[in-house]
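Asks: Have a look at this fold, sequence not included:
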């Protein structure tokens, strides 16, 4: 399993609902947490590793690692905040993204237990960012056009070229 990069069409697919939370899904959750830690990220979603399933993990400072299976965003605040975001699928690119300040989400954990969570701060941002991945949306899509163009150009320049060929997604 590897983290897919911007340009890979799998990142643009809407993820499918998980029908059964079984050993395979628990193993996927563990793998996502492991890959997230190795990548020094705070979140990772199934579509980022080529698994078009509605699952993501987050782990922010001073909180426990969390697994979200089949999440639903119940409510977001009308108040928004800008904060710098990056993404393991768009390495080396950081930009301010405007998002709701708080979020209320309903999901299931890796044990098949439903939960509701109201979050603010970086946890809310991580949840919304990872939820976007389930919808085929990347954080660069939320940037104003001129910043998105800048981010895409910078990303393309930073990608390694193999034997003089342009990078492939």
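Replies: The structure has been received and is ready for your questions. None of these values were measured; they are calculated from a predicted model. Residues are numbered from 1 along each chain as shown.
Asks: Give me the mean pLDDT for the one helix or strand residue 104 maps to.
Replies: Assigned by DSSP states H and E, residue 104 belongs to strand 102-108. Averaging pLDDT along strand 102-108 gives 98.
Asks: now stretch 153-166
Replies: 64.
Asks: hmm, back to that, quick check, distance from the strand holding residue 104 to the centre of its chain.
Replies: Remark: strand 102-108 is offset 15 Å from the chain centroid, using C-alpha atoms, centre = their mean, to the nearest Å.
Asks: List the pairing partners of it within its sheet, with orientation.
Replies: According to DSSP bridges, the neighbouring strands of strand 102-108, each with its direction, are strand 66-76 (antiparallel), strand 114-120 (antiparallel).
Asks: Give the closest residue to the spatially most central residue of the chain in space, chain neighbours not counted.
Replies: For the chain, residue 130 is the residue whose C-alpha lies nearest the centre (C-alpha atoms, centre = their mean; 2.9 Å). Leaving aside its chain neighbours, residue 130 sits nearest to residue 56 (3.8 Å; criterion: C-beta to C-beta, 6 or more residues apart in numbering). Just so you know, the C-beta spots here come from the backbone N, C-alpha and C atoms, and that holds for glycine as well.
Asks: Name the residues of the helix or strand harbouring the one you found that are buried.
Replies: Taking DSSP H and E as the definition, residue 56 sits inside strand 55-58. Buried positions in strand 55-58, judged by neighbour count with 16 or more other C-beta atoms under 10 Å: 55, 56, 57, 58.
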